[in-house]
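*Asks:* Okay, sequence plus prediction incoming.
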Amino acid sequence: MRFTKMDSPEANPRKLLSIVEEACEGKVVVPEFQRSFIWERRDIQELLSSILQGYFIGAFLMLDIYADNPMFPFRPIEGLEKVNEQVRFDRHPTVQLVLDGQQRITSVFYALYSPDIPLRNSKFSHKFYLLLDAALNGDIEEAVVGVSLLDRRRMSKIQEMVRTHHALPFSIFREPNTFYQWLYQEQNVWDGETQWY
C-alpha cells in the first residue's frame, strides 16, 4: 500500500464542463459507498435552470486517489457505460472520487450525454432541451424541459422545434465549439417577433 504525505484540502476552481468531461473519460468516479443516482426529471431541470441563470449550485468535494490501489472501491458515474463502452480506469494513474456533488455532476452528465437509463420514478430515459423563445424572453425555468422517450407525441413536437430553430438539445453544449458553430450558422435564421440580440 502506498502512503504519501497528505496535503491540506484547498479550493480548486474548475469548470463544471471539464469535470463532466473527465467523468466521461473515467477520471472522475464515485465511491461504492455513495448511493445511486436518484434525481428525477424535475430536479435536473431545476439544476440546469440555475446554471443558466448563473446561480451558485454548491461546491464539489473530490479526493484524488491512485486508480490501481484506491483507499475506497469506486465505480463510474451512472450511465457512463451507455455512452463510453471503452472507458478504462487503468489508463489513469489517479482518479478523483466525488465525495459530495454526485447528484449534480451526474445530472449535468445526463443532460449532455443522454445515457439510455431511466430517471427515478420513470421507466424510460429522458432528453433535455432548451426552448429558445422562453430563454430569450427571460423565462429560464420554462425554457429547460426534459422529455421522456416514451412520450412520442411530445418528443416529436420538440424535435420539430429543434428543426425549426426554436429549441436546442442540451447535448449541443458538450463541446463549446459545437454550440458556437451552431450560433454562427443560425444567428440570421430567426426573424419576425423573435430576434437574436
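*Replies:* That came in fine, so what should we check first?

*Asks:* Pro115 and Pro76 touch, don't they?
*Replies:* No - contact between Pro115 and Pro76 fails when scored by CB atoms under 8 Å: they sit 10.7 Å apart. For the C-beta atoms, the positions are set from N, CA and C on the backbone; glycine is no exception.

*Asks:* which residues touch the residue most central in space within the chain?
*Replies:* In the chain, the centroid-proximal residue (CA atoms, centre = their mean) is Val108; its distance is 1.8 Å. By CB atoms under 8 Å, 6 or more residues apart in numbering, Val108 lies in contact with Leu16, Val20, Leu47, Leu48, Ile51.

*Asks:* contacting residues around the first one?
*Replies:* Contact criterion CB under 8 Å, 6+ apart gives Ile51, Ile105, Val108 as the residues in contact with Leu16.

*Asks:* gap between the last one and Met71?
*Replies:* Look at Val108 and Met71: by CB to CB, to the nearest Å, they are 26 Å apart.

*Asks:* now the end-to-end length of stretch 112-123.
*Replies:* 20 Å (CA to CA, to the nearest Å).

*Asks:* Do you have the helices of the protein handy? List them.
*Replies:* Taking DSSP state H, the helices of the chain run over residues 16-24, 41-52, 80-83, 102-113, 132-136, 140-143, 152-163, 176-186.

*Asks:* Pick the most buried one from those.
*Replies:* Of all the helices of the chain, helix 102-113 has the most neighbours on average by mean count of other CB atoms under 10 Å, namely a mean of 23.

*Asks:* I'd like the average pLDDT over that helix.
*Replies:* If you average the pLDDT over helix 102-113, you get 97.

*Asks:* How far away from the center of its chain is the helix or strand of the chain with the lowest mean pLDDT?
*Replies:* The weakest-scoring helix or strand in the chain, judged by mean pLDDT, DSSP states H and E, is helix 176-186 (a mean of 82). Helix 176-186 sits 19 Å away from the centroid of its parent chain (CA atoms, centre = their mean, to the nearest Å).
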